[in-house]
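Asker: Attaching a predicted model along with its sequence, questions to come.
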2 protein chains.
Amino acid sequence: MSVTIKDVARAAGVSPSTVSRVISRHPKISPATARKVREAMESLGYHPNIMAKSLVSKSTQTIGLVLPRSAEELFVNPFFSEVLRGMLAYANTARYDMLMSSATSQQEELDAVTRMVLGRRVDGLILMAPRLGDPIIERLLELDFPFVLLGRSPEHEDLFLVNNNNVSAGYDATHHLISLGHTRIGFVGGPPDMVVIHDRLTGYKQALEEVGLPFRDEWVINADLLQKSGFHAVSVAMNYQEKPTAFVIADDIVAFGMIRGLCEAGLSVPEDVSVISFNNIMLSELSNPPISTIDIGIYHLGYLTVQQLIRRLSGESSLQKQVIVPHRLIVRGSSGAPRPR
Amino acid sequence: MSVTIKDVARAAGVSPSTVSRVISRHPKISPATARKVREAMESLGYHPNIMAKSLVSKSTQTIGLVLPRSAEELFVNPFFSEVLRGMLAYANTARYDMLMSSATSQQEELDAVTRMVLGRRVDGLILMAPRLGDPIIERLLELDFPFVLLGRSPEHEDLFLVNNNNVSAGYDATHHLISLGHTRIGFVGGPPDMVVIHDRLTGYKQALEEVGLPFRDEWVINADLLQKSGFHAVSVAMNYQEKPTAFVIADDIVAFGMIRGLCEAGLSVPEDVSVISFNNIMLSELSNPPISTIDIGIYHLGYLTVQQLIRRLSGESSLQKQVIVPHRLIVRGSSGAPRPR
DNA sequence: CTGAAAGCGCTAACAG
DNA sequence: CTGTTAGCGCTTTCAG
């Protein structure tokens, strides 16, 4: 049924190995036979069987993407599709495909990875949004299997990774509010074991400390990364005796919920409360008011992560292990000077 | 290096085929040997080589996802990640993986599909957001390769597909505005060769016609599906002599841009202009004002598409070819009665 | 420069 | 119930 290398060989009057050689552009093949073979391939409509090829060559031209365990959370976030777009863009140019596998529990996730790796389905892996004490990393290290982190893992300082400097990003966001004159600044975070969130919080603390503002535990609100939580954060925050006049919010999505919530509580942004968040998803520009945010180069993060992995796979020497994507502050309408008291 | 079925056989003191049998749960295997073999697998840390397995069994347990050519457009849309979430959820339960491949031109796209299909990399394919006269469908039909459409193709009425009734959805959206008292209703679409858009427009026309409102060509604005275009649509619309008091917008994202644009033009929603759109992405609830929209069950669309494909692959009889996911109107703050003149 | 032969890791008749 | 035998479609020495 399906046309194989043998059929081509027969049609071109050569041996299967010769056909194989012209496919892999072996140098020592005469132009004449090469042409003959190509013609035969063309007219028979030959396409190599990838499975057979990778069985023997031990390479799949595929990279695996391990989706965050809490896919539920991360997925609804436009961050994900943007980062994926970047990944596919690079993979595409390098003629790699991407295999995705989702899981709903930590165990499932480990199984999925093991299947991909030991089943020789992928040449390398990308791990997203690592959490503190992530067991997958250990496993991969044991197996000595190539992978690149999108993010960082505090427990392992020497991995290949692509990341932002989230501490500095947290600092910049907070500093922006301080420079506008705010002194009562809250922080709305996410699951505290997510390293990104942790880092941004650290930057927040640093900025406060630098100008001698006190860090107040009760002004740090942890939630998950769904919009609802932003909404909910409002009700928490607005019950404080001393209310913050501004918030650093760990994710644009939560900022959306928060702004909406403030609005319903009769407060206006930025007149009553200023808000700045992170990521700069497309939509943040079109919020009402537009959201001030830290652009982290989402597309780039994805693009570079795959690039990093593929370079590593092709054994490129002189490859620096850690790639930091620069961020930048984007000031829009959601942040302004505090109301004079 | 890697442990194979032979190693297990040796360790368990049986033949390779016996090992293969216990893996595939062949009925006629004695419990005793089964246990022996399992123990050997366990202690050696055996994992089947998927490539070898699919080479002989001709099945990959993988389904391919062909991303829309204009990935640039579709990807920034949270619609995509939500639909993907649904797809992965079902694939996961059925122990299938998903292979994605992107392309930047029609030719690349065709090549990618051909590689996947003829390279025996996937058992079936999912096609998203088909356009008029899509050549991929023809190709797949020629090859007699199983696929399921997410959407529909007017040229082929008899394909397996999962879809909404977009005509009816367009009708419902428009009717909602009419019932609020609007008589001057515009339509903001997208690339006109996208079938979804076309269908929603048809529904829009039907609703107008039903109540005897004239269809005006100049009130139909076509753009792409980026937010910018919503923004841009405003400037077009607001230059009309007779301005619409309401808009049916083919996608939530564009509605975001439009609302923002109207706002900057000094018009308020819904007091001056009402707006309703489609999809009900998570964020539309948190817009300011919250967007009235037609919920199309995005997650479900993805979930059911993969289900449909996998059922088809497992040769399930009595499988209805066309699955229609119901939609429903969600009224929020962006639509209201027109200002009395 | 090209062909023959062996084998990647697994499954599937066909005999026992 | 289990072992033997042949491949799946491709690459890769090793000879010519």
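Answerer: Yep, it's here.

Asker: mind listing what the residue in the stretch 151-300 of chain A that chain B sits nearest to touches?
Answerer: Of all residues in the stretch 151-300 of chain A, A:Asn288 sits closest to chain B, at 3.7 Å by C-beta to the nearest C-beta. All C-beta atoms are positioned from the backbone trio N, CA, C, and that covers glycine. By C-beta atoms under 8 Å, 6 or more residues apart in numbering or on different chains, A:Asn288 lies in contact with A:259, B:259-260, B:263, B:287-288.

Asker: Recalculate using a threshold of 10 Å.
Answerer: A:Asn288 makes contacts with A:256, A:259-260, A:263, A:269, A:333-334, B:256, B:259-260, B:263-264, B:269, B:287-289, as judged by C-beta atoms under 10 Å, 6 or more residues apart in numbering or on different chains.

Asker: Closest to B:Arg115 out of those?
Answerer: B:Phe256 (36.8 Å; C-beta to C-beta).

Asker: neighbours around that closest one, how many?
Answerer: 28 (other C-beta atoms under 10 Å in any protein chain shown).

Asker: which SS state does it fall under?
Answerer: Three-state call for B:Phe256 (DSSP: H, G, I helix; E, B strand; the rest coil): helix.

Asker: Next one: it from DNA strand D, what distance?
Answerer: Distance of B:Phe256 to DNA strand D, computed by C-beta to the nearest atom of the strand, to the nearest Å: 48 Å.

Asker: cool, and A:Leu44?
Answerer: A:Leu44 is 11 Å from DNA strand D, by C-beta to the nearest atom of the strand.

Asker: With adjacent residues omitted, what lies nearest to that residue?
Answerer: Leaving aside its sequence neighbours, A:Leu44 sits nearest to A:Val3 (C-beta to C-beta, 6 or more residues apart in numbering or on different chains; 4.9 Å).

Asker: Contact partners for the one you found?
Answerer: A:11, A:40-41, A:44-47, A:49, B:118.

Asker: now, among these, which is nearest to DNA strand D?
Answerer: The nearest member of these to DNA strand D, counting by C-beta to the nearest atom of the strand, is A:Asn49 at 3.4 Å.

Asker: May I ask you to confirm that the closest one is in contact with A:Ile23?
Answerer: No: assessed by C-beta atoms under 10 Å, A:Asn49 is found out of contact with A:Ile23, at 11.6 Å.

Asker: Please say which of those two ends up with more neighbours.
Answerer: Using other C-beta under 10 Å as the criterion, A:Asn49 and A:Ile23 rank with A:Asn49 on top: 20 against 16.

Asker: Look up how far A:Ala265 lies from the more buried one.
Answerer: 62 Å (C-beta to C-beta, to the nearest Å).

Asker: The contacts of A:Asn288, buried ones only, as a PyMOL selection?
Answerer: Buried subset of these, written as a PyMOL selection, criterion 16 or more other C-beta atoms under 10 Å in any protein chain shown:
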select buried, (chain A and resi 256+259+260+263+269+333+334) or (chain B and resi 256+259+260+263+269+287+288+289)
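
Asker: Please name the nearest non-neighbouring residue to A:Gly124.
Answerer: Take A:Gly124 and drop its neighbours on the chain: the residue closest to it by C-beta to C-beta, 6+ apart is A:Pro146, 4.3 Å away.

Asker: Count residues in the vicinity of A:Lys58, would you?
Answerer: 12.

Asker: ok, back up a step: the residue nearest to A:Gly124 reaches A:Leu309, doesn't it?
Answerer: Yes: taking contacts as C-beta under 10 Å, A:Pro146 lies within contact range of A:Leu309: 7.1 Å.

Asker: any common contacting residues for those two?
Answerer: Joint contacts of A:Pro146 and A:Leu309 (C-beta under 10 Å, 6+ apart) are A:63, A:123-125, A:160.

Asker: Neighbour count and distance to B:Ser179 added to those, as a markdown table?
Answerer: Formatted as a markdown table, those follow (neighbours: other C-beta atoms under 10 Å in any protein chain shown; distance: C-beta to C-beta, whole Å):
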| residue | neighbour count | distance to B:Ser179 |
| --- | --- | --- |
| A:Ile63 | 27 | 52 |
| A:Asp123 | 22 | 57 |
| A:Gly124 | 22 | 56 |
| A:Leu125 | 22 | 53 |
| A:Phe160 | 19 | 58 |
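
Asker: Could you identify the most distant pair in the residues you listed?
Answerer: Those two in the shared contacts of A:Pro146 and A:Leu309 that are separated most widely, counting by C-beta to C-beta, are A:Asp123 and A:Phe160, at 14.0 Å.

Asker: pLDDT score for the nearest residue to A:Gln322 once chain neighbours are set aside?
Answerer: In space, A:Gln322 comes closest to A:Leu161 once its chain neighbours are excluded; the distance is 5.6 Å by C-beta to C-beta, 6+ apart. On the pLDDT scale, A:Leu161 is placed at 96.

Asker: who does A:Leu161 bridge with?
Answerer: A:Leu149, A:Gln322 (DSSP bridges).

Asker: How many residues are close by it?
Answerer: Quick note: A:Leu161 (other C-beta under 10 Å) scores 22 neighbours.

Asker: who's in contact with it?
Answerer: A:127, A:130, A:147-153, A:305, A:308, A:321-324.

Asker: from the residues you listed, which has minimum pLDDT?
Answerer: A:Pro130 (74).

Asker: burial count for it?
Answerer: A:Pro130, neighbours per other C-beta under 10 Å, totals 25.

Asker: Then A:Met238?
Answerer: 15.

Asker: what residues are up against it?
Answerer: Contacts of A:Met238 (C-beta under 10 Å, 6+ apart): A:244, A:261-262, A:265-267, A:273.

Asker: Name the SS class of A:Tyr46, please.
Answerer: Once three-state DSSP is applied, A:Tyr46 turns out coil.

Asker: And the pLDDT for it?
Answerer: 92.

Asker: Give me the number of neighbouring residues for the nearest residue to A:Leu319 once chain neighbours are set aside.
Answerer: The shortest distance from A:Leu319 to any non-neighbouring residue, by C-beta to C-beta, 6+ apart, is to A:Arg311 (5.4 Å). Neighbourhood size, A:Arg311 [other C-beta under 10 Å]: 16.

Asker: all helices of chain A, in order?
Answerer: A:5-12, A:16-23, A:31-44, A:50-57, A:71-75, A:78-93, A:106-118, A:135-143, A:166-179, A:195-210, A:227-237, A:252-264, A:298-313 (DSSP state H).

Asker: Point out where the stretch 201-341 of chain A drops to low pLDDT.
Answerer: A:224-231, A:341 (pLDDT under 70).

Asker: again, 90 this time
Answerer: Filtered on pLDDT under 90, the stretch 201-341 of chain A yields the residue ranges A:217-219, A:221-243, A:253-254, A:256-258, A:260-266, A:282-283, A:286, A:288, A:314-319, A:339-341.

Asker: near chain B, which residues of it show up?
Answerer: Within reach of chain B by C-beta under 10 Å from any C-beta of the partner chain, the stretch 201-341 of chain A has these residues: A:226-228, A:230-231, A:252-261, A:263-264, A:269, A:281-283, A:285-290, A:299.

Asker: so the residue nearest to A:Leu319 touches A:Tyr96, yeah?
Answerer: No: contact criterion C-beta under 10 Å: A:Arg311 and A:Tyr96 do not qualify, at 11.7 Å.

Asker: List the contacts of A:Ser59.
Answerer: A:53, A:120, A:122-123, A:313.

Asker: who are the neighbours in contact with the residue lying closest to A:Glu82 once chain neighbours are set aside?
Answerer: Nearest residue to A:Glu82 in three dimensions, chain neighbours excluded: A:Ile298, at 4.3 Å (C-beta to C-beta, 6+ apart). When contacts are counted by C-beta under 10 Å, 6+ apart, A:Ile298 touches A:78-86, A:164, A:279-282, A:325.
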